[in-house]
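> Show me the folded form of this:
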Amino acid sequence: MKAWRLLLIAVSSLLLGGCLVSFDEPLPAGQTAPAALVGHWVSKDAWGQHLSLRIKRQGTDHYTAISTPAGQARDVVDFTVAGHGSRWYASARMPAEYGGQYALVGFELTDDGALVVYNLDVERIQQALQQHALNGATVETKDGEGVRVASDLSQVFAYLDDPANSDVFVEMARYTRAPSKR
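You can find the predicted model right below:
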């Protein structure tokens, strides 16, 4: 599994069930994620396979996710973060076969210490395009139909911050801190 896919499930969505939302613009560097994001996280995927995710800080405003799905090679992806409204977002460049644009996922660090990752619902984003709330187009990827959003980030965040659009987020993964090895 490629590292950017893990961004989509961990600071991203491991299940690219064929549909995804991509953006022309990345999140600009310049913000620092909550300190609790950095560290070693574990989870299980939909098939019960163990997932390991290490998030490291690279400089003041860049991060690296290192994933090691059970029985697979280690993958690495670099990403930036932005806190906007009441949410945090992570963004990484996708491979060329998926258009080479940028993935955008939401995440939160819960009071009980979990890392919860949210993907954007493709159908809801398609509706936003049809209603002209966002600009973009439906695109074909190697895994199926997706949506490419061409709106600038200020328009994207205005849409995402609107409480009427809170159902655009779908929980994709829930990680817990990996136990300390002594």
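
> Y175 and A114 touch, don't they?
Yes - counting by C-beta atoms under 8 Å, Y175 touches A114, with 6.4 Å between them. Every C-beta, even on glycine, is put in place using the N, C-alpha and C of the backbone.

> Not counting residues beside it along the chain, what's closest to L129?
G136 (5.2 Å; C-beta to C-beta, 6 or more residues apart in numbering).

> quick one: that neighbour and S86, what's the gap?
24 Å (C-beta to C-beta, to the nearest Å).

> Which residue of those two possesses the greater neighbour count?
G136 (19 against 9; other C-beta atoms under 10 Å).

> tell me which residues of stretch 63-80 are tucked away?
For stretch 63-80, a neighbour-count test (16 or more other C-beta atoms under 10 Å) marks Y63, T64, A65, I66, S67, T68, P69, D75, V77, F79, T80 as buried.

> Any idea how far it is from the middle of the chain?
13 Å (C-alpha atoms, centre = their mean, to the nearest Å).

> Endpoints of that stretch, how far apart?
Taking C-alpha to C-alpha, to the nearest Å, stretch 63-80 runs 6 Å from one end to the other.

> neighbouring contacts of stretch 76-88?
2-4, 6-7, 11-12, 26-29, 31-34, 37, 58, 61-67, 89-92, 106-109, 157, 160-161 (C-beta atoms under 8 Å, 6 or more residues apart in numbering).

> Please disregard the earlier target; I meant stretch 37-50.
Against stretch 37-50 from outside (C-beta under 8 Å, 6+ apart): 9-11, 14-15, 51-57, 63, 69-71, 81, 107, 109, 115, 173-178.

> same thing with stretch 54-62?
Contacts for stretch 54-62 (C-beta under 8 Å, 6+ apart): 10-11, 29-33, 37-41, 63-67, 78-81.

> ok, 10 Å please
Stretch 54-62 has contacts (C-beta atoms under 10 Å, 6 or more residues apart in numbering) with 7, 10-11, 27-33, 35-41, 63-68, 74, 76, 78-82, 90, 115, 175, 178.

> hang on, the earlier thing: for Y175 and A114, indicate the residue with more neighbours.
Taking neighbours as other C-beta under 10 Å, Y175 and A114 compare with Y175 leading, 25 against 15.

> In terms of helix, strand or coil, where does that one fall?
Per DSSP: H, G, I helix; E, B strand; the rest coil, the local secondary structure of Y175 is strand.
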